[in-house]
Structure formats: C-alpha cells, structure tokens
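**Student:** Structure for this input, please:
(2 chains)
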Amino acid sequence: MPTEPLSILMTPAGARHLDADGKLRRFLPRNTGSVLWVLAMTDFRTRYRGQQLGLTWSLLQPIAMMAILAKVLQSVARIDVPHFPFYVLCGIIYWQFCSRIWSAATRTFFVKNDLAKRATFRRYLMPISTVASHCVTGAIECVLVLGVAILMPGSLHFGWSWLVLPVLVSLLVLLLLSLSVLTATLCVFFRDIAFIVETLLAFLYWLTPVFYPPEALPRSMQILVQLSPFSALLISIRTVLMRGEFPDGSLLALDFLFPVLAFVASAMVYRAYESRLADQL
Amino acid sequence: MNRDLPINSEPASAEVLVEVRDLGKSFNLVRRQHHFIRTLLMMTPGKSEQTRWPVRHVSFDLRKGEVLGVIGENGCGKTTLLAMIAGATVPTEGSVLIRGRLSALLGLGTGFDPDMVAREAIVVGAVILGLSWGEARARVEEILHFAQLEDSGEMPLRHYSNGMQARLSFAIGVLSHPNVLLVDEVLSVGDKTFSDKGQEHILRMKESGAGVLLVSHDLPLIRRLCTRAIWLDHGAIAAAGTAANVIETYVDAIAARRASI
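**Tutor:** Residues are numbered from 1 along each chain as shown, chains lettered A, B, ... in the order given. Coordinates of the predicted model:
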C-alpha cells in the first residue's frame, strides 16, 4: 500500500490515492502511526489527570476483590484449585481489562464527538487508540500480577507453554479491537448499543469463569461457558500461567474462532457504515 | 498565469491544487430514526422520504498561488462544502481531487480535550492535520510564538479565552505548511494584531505557491485577500469571478431580496 499520495481523489466511494499513471488505489495516510500515537497518549493522560494515585487505583481494586472473593468462595463452596487467590486475581485482572476496554471504546465517538466530527483521518483509529491506551494499563497490571506471584510461591508454573502467551495475548487484543470498532461504529447509529454492551458485560461476567473453575460446573453448563467470547482465552491463559501446560486443541480452536469472527464482523460493519459515520455524529 | 480563466476551466493542469467537480451532498430529513433490526441485518438504511441537498452541482478549481473566497448567507452550504474538501465527510455525488497536503481549520473550537495544555494540543492538532509526530514536535515553539501564547504554553486549554483558542488553531493550521489551506471563519475571531498577522501569513502562503480557500462573512477581508471568489447560494454557485465582482453581485442580490420582503 503506498503511503505518500501525491494526489487524493474523493468520491462517494471514499478517498483513493491517484497514481502517476492515473490508477486509483486505497492508501493509508503516511502519518497514520503518529495519529494513533497521539490519540492513545492523550486518552491515557486525560484518564488519569487530576487523580493523586492515578494508576494505583486500578491495581488496588483487583487486590481487594481477590482477597474477599477467594475467602468467601472458598468458604461457600468446596473449591480445590491450588493457589485459588491467585487464580481469582488472574480472572479479575483479565476481566477488568476486557470490560473496561469494551465499554470505553464503545462510547469513543460520543466522548470525543468534537474530534470525531472534524476528523480527516480514518475514524476507526479512534476506538483503536482507546484500546491501545488501555493496553498500557493492562501491561502495568500484568507486572502487578507477577509481583503478587512472587509473594505466593508456586502459583506460577513456568514451562515451554509460555511461548504461546504472546499468541494468546495478541488474539485477545485482536478480539477487543474488533469488538470495539464494531460497537463504536454501531453505537453512532443506534445509541442503545452502549447499554446493550453494558448489560452484556454484566451477563458475561458470570458466564466467563472469572472467579470459578469451569470444571466445577455440571457438563451442560460447561458448554454454556464457552459461549462467552472471553472464556476460552482466559482458560487458556490460566492453563499456561498456572499449570505450565499447552491449552488443548479444542480450546485453541475457540481461542482463534472468536477473534477471527469478531474481526470479520467488525470489518464488514465498518466498511458498510464508514461513509455515513460523519453525518450521524 | 491568466487569472480570468473561467472557473470551470478544463483541462486541469498541474497548476490546479484542488479540483471540485459536480460535488453534492445529501441528507435524509424525515427518517432520522433507523429501523434497528432491519438496518442491522441488511446494513443499508431504508428509503428515506425526503432528501435535502445542502450542496449540489458545485464545480471549481483552486490554483497555485491563489486565495479563493467563499461567501454566502448562513446555511448556504459553505461548511458542508469545506467538510467534503477536507475529507471529514464523504460526498454523495461528484468528486474532489487534491494535489499535495491539505490542512483544514473547520470552524471555531479546536476539537481538543480542555484538560490538555497548549503544548500537547499543538502536537495533537498538527498530527491530526497531517504532520508526523516528529514534525509536529519540532514546530511547537514556532506555533506558540506565532499565536502569541509563549507565556501560556503550559496552561490547560480550559483556561483559554475563545480568542486564544482561535489563535492557537489558526497558528497550528498555517504553520503545518500545507499546500492547501482551508480556513472557515477563524481569522475574524482574534484581535486586530493577530488578524493582521494571519492575513499577512495567508498572503505569504499565496506567494510561496500554496492555495487557500477562505470562508468568511467578512466581505472587506475577502476583497483584500482573495484573487477570486465564489458566492454559494442554496448549495449552488450563484456567482464566480474576481472577488470584487462577486462581492458586488452578492451584496446587490441580498439587498434586492431584503427589499422584496
């Protein structure tokens, strides 16, 4: 894809780069990377401005939840998962990461309406930048998880399976990017989407095995758990981190299935709506 | 270069920076509410009962070293026209061809987060106008100086007055050194000193071979700065030619309209 167009032709079909030999091509403006960077950075900075503890809050909350959830659940039900508090912490951090991103990115075009209206860059960069800025928070939280793991010896199990972690994390980011672009776009046309996403997240919180081991459920319920797009990846990541094993084949298939489906859906929806996005904002 | 070429002159040469051909934009008036499920499934909006064209059948060229004024009453389609040329909205029909880099100052306000300080806003603004991160950072001081805001570089935008914000966004726009600059009413906001400076800079851009499209209600300003002008009336070009002639036609027509009421 050429990145420095000499001339741009804008028609109802969208903007195209016009070659020297008069051919039309799609293009990415050469400063696309810079746009993504400044959008993500501003989003990150403004999120924590005016707070004394800033990022610390997103770290203290999961720890408090881990302490209480692990204690209560272990008293209520007989859960024999080794290192259960750490198991819960992984789940909470994972869930916070996913839910925060999805709900924040869905509202991107409304929160930054002024910018979205006059944006001459590709508008999908806006939800993507929201995801990117939350990924920084997520990375810092991962460091916290590692810190806690040191305090609870034995909770992490190193092994060759750790090599798949980057793949799993990339799939998770792809899933979140796709869902974000999808709902952010739809939300401009149907405002109910923001509430649907919130409701769906509340529902998925219980369906995704955030603080319970899926094996503890009856067989029929275990299939239900896999309906949550966030389940397979969480189970896989936990299998790798805490048992040092490779996720099994069917789990890996689901790890790929949801992100790919979401990506295809978001690409289709975005392309269908892109031209009318500006007029609805 | 012959300044008196008719505005729709063909063929387009390399001297032409912006080529607008039969440009039009329509909005659906009646059916604002989409049918949720149907649209979701078919990914197309239903037929709308009534269509309005804020801009239609507009064609003109902006050449190198030219300042083209766009005048017209409120609601005549100036802003929609500029938004289409800037690429902020997609035309419904026709085409816009742009040679080189364009930077657009669309309306007042900056589109920035009010919590940002000016230095951050400059980098963000310049990148959004098409510069890279490095190019934008290299121009921060120059832009602050031009906007006469050297002392307020670390001040959050929420404490800025409207005039200061307008100065800032104008400075970002012109100092990103575009080949084509679109200005929508930004010049009329600052004080006399800044307005003079802005005009001076527009003339300098003209000398250096850039093209400027200037939208304003300030007719003396258009007369002073513009080589040519177009009068946009109800979304179509009602008159085009030298700035003085177009302004005269426009003023006469408006006076006649007012007399007939």
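**Student:** in chain B, which spans are helices?
**Tutor:** For chain B, the helices defined by DSSP state H occupy B:36-42, B:78-86, B:118-128, B:133-138, B:140-146, B:162-175, B:192-207, B:219-225, B:243-260.
**Student:** which stretch in the ones you listed has the least confidence?
**Tutor:** Ranked by mean pLDDT, those end with helix B:36-42 at the bottom, a mean of 59.
**Student:** List the residues that contact the residue nearest to A:R118 when sequence neighbours are not counted.
**Tutor:** Beyond its immediate neighbours in the sequence, the residue positioned closest to A:R118 (Cβ to Cβ, 6 or more residues apart in numbering or on different chains) is B:L106, lying 4.8 Å away. Placement of C-beta: from N, CA and C, glycine included. Counting by Cβ atoms under 8 Å, 6 or more residues apart in numbering or on different chains, B:L106 touches A:118, B:79, B:82-83, B:86, B:88, B:182, B:184.
**Student:** With B:R119 instead?
**Tutor:** B:140, B:144, B:153-154.
**Student:** of those, closest to chain A?
**Tutor:** For the contacts of B:R119, the residue nearest chain A by Cβ to the nearest Cβ is B:V140; the value is 12.7 Å.
**Student:** Wait, that closest one touches B:V123, no?
**Tutor:** Yes - here B:V140 lies in contact with B:V123, judged by Cβ atoms under 8 Å, at a distance of 6.5 Å.
**Student:** who's more crowded, these two?
**Tutor:** Neighbours per residue (other Cβ atoms under 10 Å in any protein chain shown) separate B:V140 from B:V123, with B:V123 holding more: 26 against 19.
**Student:** Now do the same contact list for the more buried one.
**Tutor:** Residues in contact with B:V123 (Cβ under 8 Å, 6+ apart) are A:38, B:133, B:136-137, B:140.
**Student:** to the chain's geometric centre, what's the distance from the lowest-mean-pLDDT helix or strand in chain A?
**Tutor:** Comparing every helix and strand of chain A by mean pLDDT, DSSP states H and E singles out strand A:24-25 as the least confident one, with a mean of 75. Going by Cα atoms, centre = their mean, to the nearest Å, the spacing between the C-alpha centre of strand A:24-25 and its chain's C-alpha centre is 33 Å.
**Student:** close to chain B, is that strand?
**Tutor:** No - contact check for strand A:24-25 against chain B, using Cβ under 8 Å from any Cβ of the partner chain: none in range, with a minimum separation of 10.9 Å.
**Student:** tell me the helices in the stretch 151-281 of chain A, going along the chain?
**Tutor:** Taking DSSP state H, counting those that start in this stretch as the test, the helices found in the stretch 151-281 of chain A are A:165-189, A:192-207, A:219-225, A:231-238, A:249-280.
**Student:** Out of those, point me to the one whose mean pLDDT is lowest.
**Tutor:** Ranked by mean pLDDT, these end with helix A:219-225 at the bottom, a mean of 87.
**Student:** thinking again about what came up before, quick check, nearest of the contacts of B:V123 to A:L89?
**Tutor:** Top of the list for closeness to A:L89, among the contacts of B:V123 and by Cβ to Cβ, is A:V38 at 33.5 Å.
**Student:** Now do the same for A:H17: helix, strand or coil?
**Tutor:** Assigned state for A:H17: strand (three-state reduction, DSSP: H, G, I helix; E, B strand; the rest coil).
**Student:** any low-confidence regions in the stretch 1-150 of chain A?
**Tutor:** Under the criterion pLDDT under 70, the flagged ranges of the stretch 1-150 of chain A are A:1-6, A:20, A:50, A:52-54.
**Student:** near chain B, which residues of it?
**Tutor:** Checking the stretch 1-150 of chain A against chain B by Cβ under 8 Å from any Cβ, the hits are A:6-12, A:14-15, A:18, A:29-31, A:33-35, A:37-39, A:42, A:45-46, A:49-50, A:112, A:114-115, A:117-121.
**Student:** Okay, and which of those residues map to helices?
**Tutor:** In helices, defined here by DSSP H, the members of the residues of the stretch 1-150 of chain A next to chain B are A:33-35, A:37-39, A:42, A:45-46, A:114-115, A:117-118.
**Student:** Those, buried ones only, as a ChimeraX selection?
**Tutor:** Those of these that meet the burial criterion (16 or more other Cβ atoms under 10 Å in any protein chain shown) are gathered into one ChimeraX selection, given here:
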select /A:34,35,37,38,39,42,46,115,117,118
